[in-house]
Every structure is written in structure tokens, then in C-alpha cells.
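Q: coords please:
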Amino acid sequence: MAKEIVTKIKLQAPGGKATPAPPIGPALGQNGVNIGQFVSQFNERTRDLNGTTVPVVITVYKDKSFTFEVKSPPAAVLLKQAAEIAKGSGVPNKEKVGTVSAEQVRKIAETKFKDLNAYDLDQAEKIIRGTARSMGVDVID
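A: Numbers count the residues shown, from 1 in each chain. Got it, this is the predicted structure:
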């Protein structure tokens, strides 16, 4: 018999460096989840991501136990790392803040593929290119 699900919590936390501080602590605490246990398991599972922001979906059950699924980092975070910029442009159509190569876009699309709504890698690449465009990052072919 399956456990009864109470809620699902969606958070973004730094991989391998999560702490019980907000937003993690309050979100888990109000649902009765053991915060320390979650933080240690999350940090163990995401140790290789070394501070990269990672989305996580936590499923909380009626007996206060939990499971969680770590997603791939947001496309914007991966593009910022590839272009080596601190943030995207405030006016992306006029002010460009960086560039990435088509090869880097393909690698990001491969990383994100399972979390994107795309049937093949070419379509995933188009999604990443669109994100880059909206951030003011040029893609060089």
C-alpha cells in the first residue's frame, strides 16, 4: 500500500551547500519534516554541483517522512556560467552582456533535456537559445 502524500514542495537550493536557513527551513518546518535530515541527504546527493542553484521537488508523506527528486539546474544559471557573467541584461534586445558558442548551447541542452518539454535535442537547443536571447546573451554559430 502506498503512503499517503500530504504535500509537494518545490524549492531551489545551492547544490552541496544547503543550510536550514530560509527558504529551506521554513518550507519544511511547517510540514513537520526533519530539516537536518533533508539538508544532509540533499548535500550528499548534490555534492558534485558545488554551489550551483538546483531545483528540488520534495514529497512529504502523512507519517512526516519524505522523498525528493533533484532536477537539473535552470537554463539561465547554466548560461550565466557558460558566458561567465554575473547576471542577464535588463534590456536584452538593446544591451548584450555576453556570448556563448553553439557547442556550449548544445551541452546545456543535453544537460537539461530530460527536464525540458522537447522531443529531440534540436528542439531543446532552440529552447536554450530562446532563454539566452531573453537574457541578452548572443549565441555564436
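Q: Surely residue 124 is in a helix?
A: Yes. With DSSP: H, G, I helix; E, B strand; the rest coil as the criterion, residue 124 is assigned to a helix.
Q: Model confidence for it, exactly?
A: Model confidence at residue 124, expressed as pLDDT, equals 91.
Q: swap in residue 120?
A: So, for residue 120, pLDDT stands at 90.
Q: residues near it, how many?
A: Other residues near residue 120 number 9, with proximity taken as other C-beta atoms under 10 Å. Glycine gets a C-beta too; all of them are placed from N, C-alpha and C.
Q: Output the helix or strand encompassing residue 12 as PDB, restricted to C-alpha atoms.
A: According to DSSP states H and E, residue 12 maps onto strand 5-14. Included here for strand 5-14 are C-alpha records, laid out as PDB according to Å, rounded to 0.1, in the frame of the first residue of the first chain:
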ATOM      1  CA  ILE A   5       1.000  12.200   0.200                       C
ATOM      2  CA  VAL A   6       0.400  15.300   2.200                       C
ATOM      3  CA  THR A   7       2.100  17.900   0.000                       C
ATOM      4  CA  LYS A   8       4.800  18.500  -2.600                       C
ATOM      5  CA  ILE A   9       7.300  21.300  -2.000                       C
ATOM      6  CA  LYS A  10       9.300  22.900  -4.800                       C
ATOM      7  CA  LEU A  11      12.500  24.700  -3.800                       C
ATOM      8  CA  GLN A  12      15.800  25.900  -5.300                       C
ATOM      9  CA  ALA A  13      18.900  25.400  -3.200                       C
ATOM     10  CA  PRO A  14      22.600  25.600  -3.800                       C
END
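Q: What lies in contact with the very next helix or strand once past that strand?
A: Past strand 5-14, heading to the C-terminal end, the next element that is a helix or strand (DSSP H and E) is helix 24-29. Outside of helix 24-29, the residues that reach it under the criterion C-beta atoms under 8 Å, 6 or more residues apart in numbering are 9, 11, 13, 18-19, 34-35, 38-39, 58.
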